[in-house]
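**Q** okay, structure incoming, though there's no sequence with it:
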């Protein structure tokens, strides 16, 4: 798939508006794989990516990938910031703290996802910013000079995406996570329609910060274990904190992976509020369809799958292909809740 933001991010290097020494060490925050990344293949580059599908693609392309970095400095830091502003500012601050004096910070965003704000943020943080545009994206960069860095702002922004209590302390969350400071109404609707009769071993596909799993444990006393599948490691780490009250009482496993590549099992039931966005704003029905197929493959014969989704998403055909019985339980507030049962013959 094309990635205009990645292509534009590397444009200053391709056009030699930014020059790097052959032995330069590079850090790439929120890195993504793509053909344009090959322009960096001659450099020593460390990619930081906590989102499993992007991690997998980078590793397949031969890049070194870590979920996070806490030490070391680099000659240049590249960033594809998150869409949530607090997270994006924290990523810029991290970039500045990880670059050597005289090194360069480069960042890029689509025009429709905060490119202008990104430019102004980098400029106020570093005392200026150069820019280029391509494919409706904007790349901005600046050399980091100690005398020009806004030290007070840097300190403030470093803490912007830190984990914190939300909902009067009921959960811990952080910016950049899906529905990070609230209970998503679709997930709430799903919980309202989960039966108290759930039992055995279950799976939470796209677990986020742990809301669905916690609701299952609180509602269904006969559920003995839950595997939490989540692509974003930052969310999975939060889920562990939010489920700490159940440690030693129920079996829990956090699995950092791309659900569409398949799950373990077999499970007695699965619950899910699948994502339908990844990079960008466009709907990605294929992600939810991948969740549906993975759920079917991971369930025992006769196992149940409880799904919530935006009403307009085209999941019914996929559900009917891989499940024997599909029933809509609710249609409220723009969301639909569906129960699907796997054939006892193994379909």
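**A** In hand now; what should we look at? These numbers come from a predicted model, not from an experiment.

**Q** give the bridge partners for residue 255, please.
**A** residue 229 (DSSP bridges).

**Q** likewise residue 164?
**A** The partner residues for residue 164, given DSSP bridges, come to residue 173.

**Q** now the helices for the stretch 1-150 of the chain?
**A** Taking DSSP state H, counting those that start in this stretch as the test, the helices found in the stretch 1-150 of the chain are 4-9, 11-14, 52-60, 85-98, 115-126.

**Q** need those in JSON lines (columns: mean pLDDT, distance to residue 299 and mean neighbour count).
**A** The C-beta positions use only the backbone N, C-alpha and C, and glycine is treated the same way. Listed next are these as JSON lines, based on pLDDT from 0 to 100; distance: least, CB to CB, whole Å; neighbours: other CB atoms under 10 Å:
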{"stretch": "helix 4-9", "mean pLDDT": "97", "distance to residue 299": "37", "mean neighbour count": "23"}
{"stretch": "helix 11-14", "mean pLDDT": "95", "distance to residue 299": "47", "mean neighbour count": "18"}
{"stretch": "helix 52-60", "mean pLDDT": "96", "distance to residue 299": "21", "mean neighbour count": "19"}
{"stretch": "helix 85-98", "mean pLDDT": "97", "distance to residue 299": "34", "mean neighbour count": "22"}
{"stretch": "helix 115-126", "mean pLDDT": "98", "distance to residue 299": "43", "mean neighbour count": "19"}
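
**Q** where does the stretch 151-300 of the chain dip in pLDDT?
**A** 277-283 (pLDDT under 70).

**Q** got it, and the stretch 1-150 of the chain?
**A** 1.

**Q** just to revisit the earlier point, what's the closest of the helices of the stretch 1-150 of the chain to residue 241?
**A** Closest of the helices of the stretch 1-150 of the chain to residue 241 is helix 85-98, at 18.2 Å (criterion: CB to CB).

**Q** same for the closest one, what does it pack against?
**A** Using 3 or more CB pairs under 8 Å, 6 or more residues apart in numbering; DSSP states H and E, the elements in contact with helix 85-98 are strand 25-29, strand 74-79, strand 99-110, helix 115-126, helix 151-158.

**Q** try 6 Å
**A** strand 74-79, helix 151-158 (3 or more CB pairs under 6 Å, 6 or more residues apart in numbering; DSSP states H and E).

**Q** got the angle for that helix vs helix 115-126?
**A** If you take axes from the mean of the first three to the mean of the last three CA atoms, to 10 degrees, helix 85-98 sits at 40 degrees to helix 115-126.

**Q** got the angle for helix 85-98 vs strand 74-79?
**A** Using the same axes, to 10 degrees: helix 85-98 against strand 74-79 is 170 degrees.

**Q** what are the ranges of the helices in the stretch 151-300 of the chain?
**A** Going by DSSP H, counting those that start in this stretch, the stretch 151-300 of the chain shows helices at 151-158, 185-192, 211-219, 233-242, 285-298.

**Q** elements contacting the first one?
**A** Secondary-structure packing of helix 151-158 (3+ CB pairs under 6 Å, 6+ apart): helix 85-98.

**Q** ok and the helix it packs on relative to helix 233-242, angle-wise?
**A** With the same axes, to 10 degrees as the basis, helix 85-98 and helix 233-242 are set at 110 degrees to each other.

**Q** ok, residues contacting helix 85-98?
**A** 27, 29, 73-74, 77, 79, 81-82, 105, 121, 144, 154, 157-158, 160-161, 175-176 (CB atoms under 6 Å, 6 or more residues apart in numbering).

**Q** list buried residues within those residues.
**A** 27, 29, 74, 77, 79, 81-82, 105, 121, 144, 154, 157-158, 160-161, 175-176 (16 or more other CB atoms under 10 Å).
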